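K.L.:
for reference, the sequence and a predicted model appear below.
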Amino acid sequence: MSEQGVKDRKIPIEDPEFYLNDPWPTFAWMQREAPFYHYEPLDTFVVTRAEDIRAISPRADVFSNARGIFLNEIKYRAQAGDTNFSEGFWPEGGEQIGNTDPPRHHELRRVSLGAFTVPAIEEVKHKLTVYIGKELDKLAAQGEVDYWDFAAGVPIEAACFLIGLPATDRKRVEFWSNELEKLGADISFEELQAAVTEFASLKDYITENVEIRKAEREAGTAKGLDLINVLLDAELDGQKGVQLPNVVTFAMTAIAAGADTTRALLLGLPYYFANNPDQWQRLKEDRSLVKNAIEETLRLVTPARAFLRYVSKDIEINGQAMKEGQHVYLMYMAGNRDPDLFQDPHRFDIGRENASRHFSFGAGPHTCLGARLARMEGAEVLNALLDRFERIELAGKPEIVRNHIIRNSWETMPLRLIR
């Protein structure tokens, strides 16, 4: 296609409906004809090829997160003034890991890592396994269910265990998680600002729990590798113990980043297996494929469709010139089905040898800190399903999330669970 033809083709990346109405032929065209498609309304290059996403992601020296990672950050910059509109979601003085660049990003990530180590995730796993088994047994007794509530509950429960919040507060945490999703929703600036007001109560709630943990530590009763404990033990900026605004921000980030994305994975598991019963039978016969089945499901679901980067200096990458002040939009869902990386990319194949090369956790220094946690949740749920059910069938048409720019997920998942 000619350069003018590429310019004339309008691809509505701000419209959620575009992603829901078979975008794959368009993405395939972009990968062939316009791998750095210039979306003029936001002066943003949409990057769809896996090789280009892989080339850009490590270059935090050029492609910055500091000005936000959502399209709404550009869209509403005039109303927000000289700041990211999302800054109002976090406590004053708190640093959001996803919106910082190296070297500060490395320092913030370092102090959080203790809550995401293998021993820490094992602590969460022991508690979560009991919850998963109990809730699935309830579903098994019903036979035909909407699996959505279960899939939503697991990551919230995991987040409470990970952060060190009372599991009895799950419903409150779930409400705040849903509000945090609005950062990437297709809503007005006024609606986004209204959502900010909901977070005063979340900030207060986490602050209260931090103070409780401090008292427990003084009494010698605080144990475990939960995030609050880890941060109170860590050293940052030459001080023992991360300061309160950052503790609260890190906890809020764990809720925001790990709830709806993992929910999408947990919903995707029965969805893809119900639509591919041969793969379910294959897995029943060979449980060693569970880990790879999680990767293949992550690849096809792609819970976060894309994230933004700000071009901080002029650069040419893979033949495309970009100027300081422009943006790139890393279209992970397109990269996850790039035929140059994944053979027969739309097929669900739990034996796919390179399934783990997906972009569902991002890439480069901003690779998702909670990837180990999400994989553990997926494996625990999948193994529990395999233990209990001979077959999984759809009991109706699942409703997909329609009003979100970056989330791939479902609002219902009617299932028939056959023992």
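P.N.:
Cool, the structure landed. Quick caveat, the model's predicted, so the values are computed rather than measured. Residues are numbered from 1 along each chain as shown.
K.L.:
from here on, contacts and neighbour counts on C-alpha atoms
P.N.:
Will do.
K.L.:
does Glu135 count as helix, strand or coil?
P.N.:
Under the three-state scheme (DSSP: H, G, I helix; E, B strand; the rest coil), Glu135 adopts helix.
K.L.:
I'd say it and Ala151 touch.
P.N.:
No. Contact criterion Cα atoms under 8 Å: Glu135 and Ala151 do not qualify, at 10.1 Å.
K.L.:
who has more neighbours out of those two?
P.N.:
Higher neighbour count among Glu135 and Ala151: Ala151, with 22 against 14, using other Cα atoms under 10 Å.
K.L.:
any idea how far Ala234 is from Ala34?
P.N.:
Distance, Ala234 to Ala34, using Cα to Cα, to the nearest Å: 46 Å.
K.L.:
okay, these two: which has more neighbours?
P.N.:
Neighbours were counted for Ala234 and for Ala34 using other Cα under 10 Å; Ala34 has more, 20 against 17.
K.L.:
what's the spacing between that one and Ala60?
P.N.:
In terms of Cα to Cα, Ala34 sits 23 Å off from Ala60.
K.L.:
Ala374 too?
P.N.:
From Ala374 to Ala60 the distance is 24 Å (Cα to Cα).
K.L.:
who's more crowded, those two?
P.N.:
Ala374 (25 against 21).
K.L.:
can I assume the more buried one is in contact with Asp260?
P.N.:
No. Ala374 is beyond contact range of Asp260, at 11.0 Å (criterion: Cα under 8 Å).
K.L.:
pLDDT of stretch 352-370, averaged?
P.N.:
Regarding stretch 352-370, the rounded mean pLDDT is 98.
K.L.:
likewise stretch 234-247?
P.N.:
On average, stretch 234-247 scores 96.
K.L.:
using CSV, write out every CA atom in that stretch.
P.N.:
The C-alpha trace of stretch 234-247 is given here as CSV (Å, rounded to 0.1, in the frame of the first residue of the first chain):
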residue,chain,number,x,y,z
ALA,A,234,13.8,-2.5,53.4
GLU,A,235,16.3,0.3,53.0
LEU,A,236,15.6,3.2,50.6
ASP,A,237,17.3,6.5,50.2
GLY,A,238,19.6,5.6,53.1
GLN,A,239,16.8,5.1,55.6
LYS,A,240,15.5,1.9,57.2
GLY,A,241,11.9,1.3,56.3
VAL,A,242,10.2,2.7,53.2
GLN,A,243,8.3,5.9,53.9
LEU,A,244,4.5,5.7,54.4
PRO,A,245,3.5,7.4,51.1
ASN,A,246,5.5,4.8,49.1
VAL,A,247,4.2,1.9,51.3
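K.L.:
list the buried residues in it.
P.N.:
234-235, 241-247 (16 or more other Cα atoms under 10 Å).
K.L.:
ok, now which ones touch Leu236?
P.N.:
Going by Cα atoms under 8 Å, 6 or more residues apart in numbering, Leu236 touches 107-108, 111, 242.
K.L.:
ok, now how distant is it from Trp29?
P.N.:
In terms of Cα to Cα, Leu236 sits 47 Å off from Trp29.
K.L.:
got the residue ranges for the helices in the stretch 251-400 of the chain?
P.N.:
260-275, 277-285, 290-301, 332-335, 371-388 (DSSP state H, counting those that start in this stretch).
K.L.:
what packs against the second one?
P.N.:
To tie it back to what came earlier, the one meant is helix 277-285. helix 260-275, strand 391-394 (3 or more Cα pairs under 8 Å, 6 or more residues apart in numbering; DSSP states H and E).
K.L.:
the same query, at a cut-off of 10 Å, please.
P.N.:
Applying 3 or more Cα pairs under 10 Å, 6 or more residues apart in numbering; DSSP states H and E, we find helix 277-285 packed against helix 260-275, helix 290-301, helix 371-388, strand 391-394.
K.L.:
nearest to Phe18, of the ones you listed?
P.N.:
Comparison of the helices and strands packed on helix 277-285 against Phe18 by Cα to Cα identifies helix 290-301 as nearest, at 16.0 Å.
K.L.:
that closest one - contacts with which helices or strands?
P.N.:
helix 260-275, helix 277-285, helix 332-335, helix 371-388.
K.L.:
any idea how far the nearest residue to Gly93 once chain neighbours are set aside lies from Glu216?
P.N.:
Using Cα to Cα, 6 or more residues apart in numbering and skipping the chain neighbours, the partner closest in space to Gly93 is Pro245 (5.7 Å). Look at Pro245 and Glu216: by Cα to Cα, they are 20 Å apart.
K.L.:
now do the same contact list for the spatially most central residue of the chain.
P.N.:
Residue closest to the mean C-alpha point of the chain, counted by Cα atoms, centre = their mean, is Thr261 at 4.0 Å. Applying Cα atoms under 10 Å, 6 or more residues apart in numbering to Thr261 gives the contacts 152, 155, 181, 298, 301-304, 360-361, 374, 407-409.
K.L.:
dump those residues to TSV, plus distance to Ala194.
P.N.:
As requested, the contacts of Thr261 are exported to TSV (distance: Cα to Cα, whole Å):
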residue	distance to Ala194
Ala152	24
Pro155	25
Glu181	13
Leu298	32
Val301	30
Thr302	28
Pro303	25
Ala304	23
Ser360	30
Phe361	29
Ala374	30
Arg407	21
Asn408	24
Ser409	24
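K.L.:
so among the residues you listed, where is pLDDT lowest?
P.N.:
For the contacts of Thr261, the pLDDT minimum is Glu181, 75.
K.L.:
could you find the closest non-adjacent residue to that one?
P.N.:
Ala256 (6.8 Å).
K.L.:
and Phe18, what element?
P.N.:
helix 16-20 (DSSP states H and E).
K.L.:
which residues sit against that helix?
P.N.:
11-13, 23, 26, 185-186, 305, 333, 400-408.
K.L.:
cool, thanks, talk later.
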